[in-house]
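Trainee: model the structure of this input:
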Amino acid sequence: MENYLNENFCDVKPKNSSDEALQRWRKLCWIVKNPKRRFRFTANLTKRSEAEAIRRSNQEKFRVAVLVSQAALQFINGLKLSSEYAVPEEVRKAGFEICPDELGSIVEGHDVKKLKIHGGTEGITEKLCTSVTSGIGTTSEEQLSVRKEIYGINQFTESPARGFWLFVWEALQDTTLMILAACAFVSLIVGILMEGWPIGAHDGLGIVASILLVVFVTATSDYRQSLQFKDLDAEKKKIVVQVTRDKMRQKISIYDLLPGDIVHLGIGDQVPADGLFLSGFSVLIDESSLTGESEPICVNVDHPFLLSGTKVQDGSCKMLVITVGMRTQWGKLMATLSEGGDDETPLQVKLNGVATIIGKIGLFFAVITFAVLVQGLATRKLQDGSHWAWTGEELMSVLEYFAVAVTIVVVAVPEGLPLAVTLSLAFAMKKMMNDKALVRNLAACETMGSATTICSDKTGTLTTNHMTVVKACICGQAKEVNGSDAARSFASSIPESAVKVLLQSIFTNTGGEIVVGKGNKTEILGSPTETALLEFGLSLGGDFQEERQASNVVKVEPFNSTKKRMGVVIELAQGHFRVHSKGASEIVLAACDKYINKDGDVVPLDEASTNHLNNVIEEFASEALRTLCLAYLEIGDEFSLEDPLPSGGYTCIGIVGIKDPVRPGVKESVAICRAAGITVRMVTGDNITTAKAIARECGILTDDGIAIEGPEFREKSEEELLKLIPNLQVMARSSPMDKHTLVRHLRTMFQEVVAVTGDGTNDAPALHEADIGLAMGISGTEVAKESADVIILDDNFSTIVTVAKWGRSVYINIQKFVQFQLTVNVVALIVNFLSACLTGNAPLTAVQLLWVNMIMDTLGALALATEPPQDDLMKRTPVGRKGNFISNVMWRNILGQSLYQLVIIWCLQTKGKTMFGIDSDLTLNTLIFNTFVFCQVFNEISSREMEKIDVFTGILKNYVFVMVLTCTVVFQVIIIELLGTFADTTPLNWGQWFVSIVLGFLGMPVAAALKMIPVGAH
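Mentor: The predicted structure follows:
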């Protein structure tokens, strides 16, 4: 079976599967009872191709609009512009001077002419009653609701949620249930005609009641599942942006944005609404999601249009929001697209394959069983010589045989197998959400269980991301500066001129800001590194606002992981320009040829001074401090914005050492990973000495492990990498492409299943390449989150270990359920088939088989697919890329348990009457049915562990499992004792109940004995 599955159902990857692979397995699944239910959680390829065609058409329209606006721009400056626009009365009454449709038309057509007519961005700002510096002024609920009424809210229209009755309708689409319903109808009519009402209606009503029970239980399970996915989808869409509103910088949800808001955007952010550029530096926007163009667009005062759904590739800016929600270009695009759904997961596809194989076997057995039963009846009639005269009772028997055959197909086609994966994943995703992990891609949940390698960032993942400057070396003096008193003492010990240039460097060359927040509290905004430096600047006695007003920032080159430094050009009051640079210590220091000495003079950087500064960097790094070098360069009275920042000739201001403590519990989590056969590698942009110190503290770097720098790694040949990578534990000063290369080699050369963490825009390629991309929820950019499969909401490495544990739990739970279901399948098929062949009748009727189907399908999935993870899961080796899904352990348990159940039922069928003094076929068949059901109840308990004998640990903590077992037993008692007329059963005495339960229970010691038989893992 495993070979067949690998050949036909293994083309689908955890992500980025081709349409051909998705199409291929669908064609192989031709035995499907209910396509609507079976394929509910698979991609709708038709809708997807339609959506792609619409997207291409829209992209072409946008491209044309952009080209037209560029052509128009060349003529507008020479034209005299006049406006015929009239403000609608309701807009004027609300206090605004421009309507939403007019704003929408400006953005949609990139209409520079209209924008000029309205007075440019300044004119639009006034007409929206807002301010570039303080944002929307009045934020009372009443004022905001007026603005919402006129301009709308920043939410897209979503398709309405599917109601419960829709799931009932879908459950009724099952072909076999429809055939059974037709049989029930015929049985009802014939029975009433022959025996009258109500006796003649019992058989037909029994089947109808069973069908309705199956339908409602199935629909309830599916409906609850859909609600879980809806909650998770809502969680995925939660994005927070920085805005200035009511003179305060604050974080708000994108859903609360309104036209007139001033939004602050940085690298990796997603543009949350349509707007206009106000101010900023080096802004490059990736508009490929809207226009299809891969080349980034430069946005500035001349080309100010920013579109919802696009991404900031470089730079930072302030944006004025002008249209929101369904009026944005992204909203209009979304309205035309029909969702194609997510790709199916590899496990779903594999289980569709298992269902197809068993379905074919079941169909064969059903046809043979029906043929044998009809042939037996025909033979008897031939012997009686009554083969031409058929009574109503005999026709009812044929109908019953047909119903049994159809029910065998119902039981044999395990429609619940692929859906059990979804059920288990939905359950795991909900629980993982509570454990601070948001799963964006369904397949990631199961893939994480097979992970063999985790490539983790250092900052914020292994460390706390709460940074403080604790040491500094300025003017050649290295001192502790932890705390405001120590910082002030340090500032008084160095020349005033050095302090002045240091403060100017800290407060102007920064991506952070110091603002007044709610309650007039001073807030420091920005990345943890920027926050630490700004805090250091304040503790030295600096004033952020004063420093910013004393000079004018004319160009900014933001920090990125490739350059490993950032720089600004400022224009001083005297009219000349100065460049400030900061970044990776050895890189910035290498660009310096001068430094400030202890007297505050700028002197050449000789060999002795260079060695001293390098020793300081090494000393700071060995104490696990993150080191930054600050430098400046005078560039005279002329500077062009087109000129790049100088690469050399700088004056070193000093080195700072930033403490970022290791997170509590990381060392233990790394040890858990090692015990679980998962290798943890640190990939960081930091100095190699800092990286090694932190890696040792975390338990990542061992005595035989290798630590290497990115530039050295890049130079290695394929042969050298083959020897290097297995022992590689730390990569420092790495670029995003180094991370991508490492991931690619681990996956292709070593067949590892790789999980990668990332937070920056440049990490997107590695996140995309990895089997599981893990983005950081706090420090991660929107671009990184969109490329990731799982978002770690607390940025904590321990949460990644929890995700791995849940992933393993999903995989094991599905294996348990498959083992349980295949056992029921084998026994139900063989019992009815052999009975039909050897005795001419089937001991399990249609109604009974429908009940068994529900026990093993919906209820079995609920019980076994929702088991929470056990700690010992992380003591097993990972499945990896090549592991067989149906293992030898599972086959041993399936075949052994099936053999026991078949022997028991066969003995009851052949010797039951004499052994227990039963004189009625109905009582014997009831005893067989009852024993069979109790065999499944106890087998369900045994299936909680596939290799351990103790199956009771934690059973009472799993309320779903206990509830399912209780319901099964209670309903079984009701069916036997009260619903005999409909279910073809008769009440049993205490002795017969005892026999049924004991024979079922004996399956547990059998299961325990089977687990002691050694078999190979695969």
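
Trainee: where does pLDDT dip in the stretch 301-450 of the chain?
Mentor: Applying pLDDT under 70 to the stretch 301-450 of the chain flags residues 333-345, 385-392, 407, 411-413, 415-416, 418-419.

Trainee: now do 80
Mentor: Residues of the stretch 301-450 of the chain that meet the criterion pLDDT under 80 lie in 329-359, 362, 369, 373, 376-377, 379-426, 441-446.

Trainee: now do the stretch 801-950 of the chain
Mentor: Along the stretch 801-950 of the chain, segments meeting pLDDT under 80 span 825, 829, 832-847, 849-850, 852-862, 871, 879-886.

Trainee: burial check on Cys629, number of neighbours?
Mentor: Applying other CB atoms under 10 Å, we find 26 residues neighbouring Cys629. For the C-beta atoms, the positions are set from N, CA and C on the backbone; glycine is no exception.

Trainee: name the nearest residue to it, ignoring sequence neighbours.
Mentor: Of all residues not flanking Cys629 in the chain, Val588 sits nearest, at 3.8 Å (CB to CB, 6 or more residues apart in numbering).

Trainee: is it correct that that neighbour falls within a helix?
Mentor: Yes. When DSSP: H, G, I helix; E, B strand; the rest coil is applied, Val588 is found to be in a helix.

Trainee: for Asp599, give its distance to Ala608.
Mentor: Here the criterion is CB to CB, to the nearest Å. By it, Asp599 lies 16 Å from Ala608.

Trainee: more crowded one of those two?
Mentor: Between Asp599 and Ala608, counted using other CB under 10 Å, Asp599 has the larger neighbour count: 12 against 8.

Trainee: find the nearest non-adjacent residue to Leu641, please.
Mentor: Lys555 is the one closest to Leu641 (CB to CB, 6+ apart), at 5.8 Å.

Trainee: for the nearest residue to Asp593 once chain neighbours are set aside, grab the count of nearby residues.
Mentor: In space, and not counting its chain neighbours, Asp593 is closest to Leu605: 5.4 Å by CB to CB, 6+ apart. As a burial measure, Leu605 scores 17 neighbours (other CB under 10 Å).

Trainee: show the contacting residues for Leu605.
Mentor: Cys592, Asp593, Lys594, Tyr595, Cys652 (CB atoms under 8 Å, 6 or more residues apart in numbering).

Trainee: now do Ser456
Mentor: So Ser456 contacts Leu462, Val680, Arg681, Met682, Val683, Thr757, Phe797, Ile800 (CB under 8 Å, 6+ apart).

Trainee: tell me the pLDDT at it?
Mentor: Ser456 carries a pLDDT value of 88.

Trainee: hey, what's it bridged with?
Mentor: For Ser456, the beta-bridge partners are Met682 (DSSP bridges).

Trainee: which of the residues in whatever helix or strand Gln909 lives in are buried?
Mentor: Element membership of Gln909 [criterion: DSSP states H and E] is helix 888-916. Going by neighbour count (16 or more other CB atoms under 10 Å), the buried part of helix 888-916 is 889-894, 896-898, 900-901, 904-906, 908-909, 912-913.

Trainee: I'd like to know which elements it is packed against.
Mentor: Contact analysis of helix 888-916 by 3 or more CB pairs under 8 Å, 6 or more residues apart in numbering; DSSP states H and E lists helix 797-839, helix 921-942, helix 990-1001, helix 1003-1011 as its packing neighbours.

Trainee: and the ones you listed: which comes nearest Pro100?
Mentor: The minimum distance between Pro100 and the helices and strands packed on helix 888-916 falls on helix 797-839, with 42.0 Å, by CB to CB.

Trainee: good, wrapping up.
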